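All I have is the shape, not the residue letters:
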């Protein structure tokens, strides 16, 4: 047995889970949120308890110190030496990584070189890694890449139709994201696909950030996000796929810079931009119920984009055996699941069990009716356990 820490550092947050491996038992979990502010929030859950406090957390290094100090003070562990490995989520692995990799100077350098492809993420991940390394310098660390699962795509699926020399010179291609989640979901899906020789799965990771992946034989063949997480379906604040000429036209009309418009498409579009209400789907539903027409339109666009991708991937896979809903919206909103499945009824023969669906929130279950031509399931995602598995695998390798 060994204690392994799974870390997910964002630009202003640090999520963590401490596992007992290989049992995959969660010892504690928590979050340092609003890092960089005087009213940051540190939360830790352990032994059925939840402790939360508001305090200044000015950088990730202090967030890591708070976490490690809390582990000792609360008696969760007796010594930091009990943490035998750390695993760190990295959004962008570029062309370099088709699987998780041990953190060394080369890995760190490559991750840093990819910051332009994930400016909100890769830099923050490195800050989190370095903060842990400072406190636990001799503890093995592994980088777990969101893009790794998608490296199995064929060239015609990941190549964009731009001058080929640009693709090669600047490493421009479809990288995707949420790969750790989609891989976890595909592995968990095996129990629903017994007896099927070449399973075909459409995995819907629907949250504030959202992506859809086509999976065959448990390998990614296509995914919705593109060079960056901006591509694909409409999201909380991101446009998703859009006519490229809209970008140039907006620069011309608004007199804003290309960078300003790019940031608007990343941070002020999607649900927020269309509705004018919020980037949170729960707020959109509430506003729609009150008769807000823009909130209604935002939902209609979201449903249409999800349905378009599911239909596209049904064709790409040559059919579908299983549709998976996961992540914040997919796990918790029976309304969104029902609306999407209703849109698939006429074309793909999907029939949802409304009674089961309306009772589910974050619990794994089959939500399709027995008459449905495609099985539909809700599977809560667990990226942290995938990170812990890879960190533990590295530890075992080093022990040999």
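Looks like it came in fine. Note that the structure is a prediction, hence the values are computed from the model and not measured. Numbers count the residues shown, from 1 in each chain.

In contact with residue 59, which residues?
Going by C-beta atoms under 8 Å, 6 or more residues apart in numbering, residue 59 touches 35, 36, 127. (Glycine included, C-beta is placed from N, CA and C.)

could you redo the last one with a cut-off of 10 Å?
35, 36, 65, 127, 131 (C-beta atoms under 10 Å, 6 or more residues apart in numbering).

Out of those, which end up buried?
Taking 16 or more other C-beta atoms under 10 Å as the criterion, what is buried in the contacts of residue 59 is 35, 127, 131.

In helices, which of those residues appear?
127, 131 (DSSP state H).

State the pLDDT value of the most centrally placed residue in the chain.
In the chain, the residue lying closest to the centroid (C-alpha atoms, centre = their mean) is residue 178, at 3.6 Å. pLDDT, residue 178: 90.

Then the one 4 residues further on?
pLDDT for residue 182: 95.

Could you do residue 11 as well?
66.

Same question for the one 3 residues further on.
Confidence at residue 14, expressed as pLDDT, is 84.

Name the next helix or strand downstream of the helix or strand hosting it, please.
Using DSSP states H and E, residue 14 sits in strand 13-21. Following strand 13-21 in sequence order, the next helix or strand is strand 25-33 (DSSP H and E).

Count residues in the vicinity of residue 163, would you?
By other C-beta atoms under 10 Å, the residues close to residue 163 number 10.

Quick check: the gap between it and residue 246.
Distance, residue 163 to residue 246, by C-beta to C-beta, to the nearest Å: 21 Å.

For residue 200, give me the backbone phi and psi.
Main-chain dihedrals, residue 200, degrees, to the nearest 10: phi -120, psi 120.

Show the contacting residues for it.
Here residue 200 is in contact with 193, 214-217, 221, 313-314, 316-322, 374 (C-beta under 10 Å, 6+ apart).

For it, give the beta-bridge partners.
Note on residue 200: beta-bridge partners by DSSP bridges are residue 216.

Could you check the pLDDT of it?
For residue 200, pLDDT reads 97.

Ok, the one 3 residues further on next?
At residue 203, the predicted lDDT confidence score is 97.

Grab the nearest non-local neighbour of residue 329.
Closest residue in space to residue 329, ignoring its immediate chain neighbours: residue 206 at 4.1 Å, by C-beta to C-beta, 6 or more residues apart in numbering.

Need phi/psi at that neighbour.
The phi/psi pair for residue 206 (degrees, to the nearest 10) is phi -110, psi 110.

burial of it, as a residue count?
Residue 206 - counted by other C-beta under 10 Å - has 25 other residues nearby.

residues touching it, list them.
Applying C-beta under 10 Å, 6+ apart, the residues near residue 206 are 212, 233, 235, 281, 302, 306, 325-333, 336-337, 340.

Tell me what it is bridged to.
Beta-bridge partners of residue 206, as defined by DSSP bridges: residue 210.

Quick check: it vs residue 270, distance?
Distance from residue 206 to residue 270, counting by C-beta to C-beta: 12 Å.

repeat for residue 168
32 Å.

how many neighbours does residue 121 have?
23.

Please pick the buried ones from the contacts of residue 200.
Buried, going by 16+ other C-beta under 10 Å: 193, 214-216, 221, 313-314, 316-317, 320-322, 374, out of the contacts of residue 200.

could you redo the residues you listed as a markdown table and give each row distance to residue 289?
Below are the buried ones among the contacts of residue 200 laid out as a markdown table (distance: C-beta to C-beta, whole Å):
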| residue | distance to residue 289 |
| --- | --- |
| 193 | 37 |
| 214 | 34 |
| 215 | 35 |
| 216 | 39 |
| 221 | 38 |
| 313 | 31 |
| 314 | 31 |
| 316 | 36 |
| 317 | 36 |
| 320 | 32 |
| 321 | 35 |
| 322 | 32 |
| 374 | 30 |
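
With respect to residue 360, which of these is nearest?
Residue 360 has its nearest neighbour among those in residue 322, at 16.6 Å by C-beta to C-beta.

burial of the residue lying closest to residue 188 once chain neighbours are set aside, as a residue count?
Distances taken as C-beta to C-beta, 6+ apart put residue 379 closest to residue 188, at 5.1 Å, once the chain neighbours are dropped. Number of residues near residue 379 (other C-beta under 10 Å) recorded here: 24.

got the contact list for residue 379?
So residue 379 contacts 181, 184-189, 191-192, 203, 322, 324-326, 330-331, 363-365 (C-beta under 10 Å, 6+ apart).

hang on, residue 284 is in a helix, isn't it?
Yes - counting by DSSP: H, G, I helix; E, B strand; the rest coil, residue 284 is part of a helix.

where along the stretch 251-400 of the chain do the helices fall?
258-267, 270-275, 281-289, 293-317, 327-332, 334-343, 345-348, 354-359, 383-399 (DSSP state H, counting those that start in this stretch).

Could I get the buried residue list for the longest one?
Going by neighbour count (16+ other C-beta under 10 Å), the buried part of helix 293-317 is 295-296, 298-299, 301-303, 305-307, 309-310, 313-314, 316-317.

Check the offset of that helix from the chain's centre.
Mean C-alpha position of helix 293-317 versus that of the full chain (C-alpha atoms, centre = their mean, to the nearest Å) differs by 19 Å.

so it versus helix 334-343, what angle?
50 degrees (axes from the mean of the first three to the mean of the last three C-alpha atoms, to 10 degrees).

still on that earlier bit, so which of the helices of the stretch 251-400 of the chain is nearest residue 100?
Comparing these by C-beta to C-beta, helix 383-399 comes nearest, at 4.1 Å.
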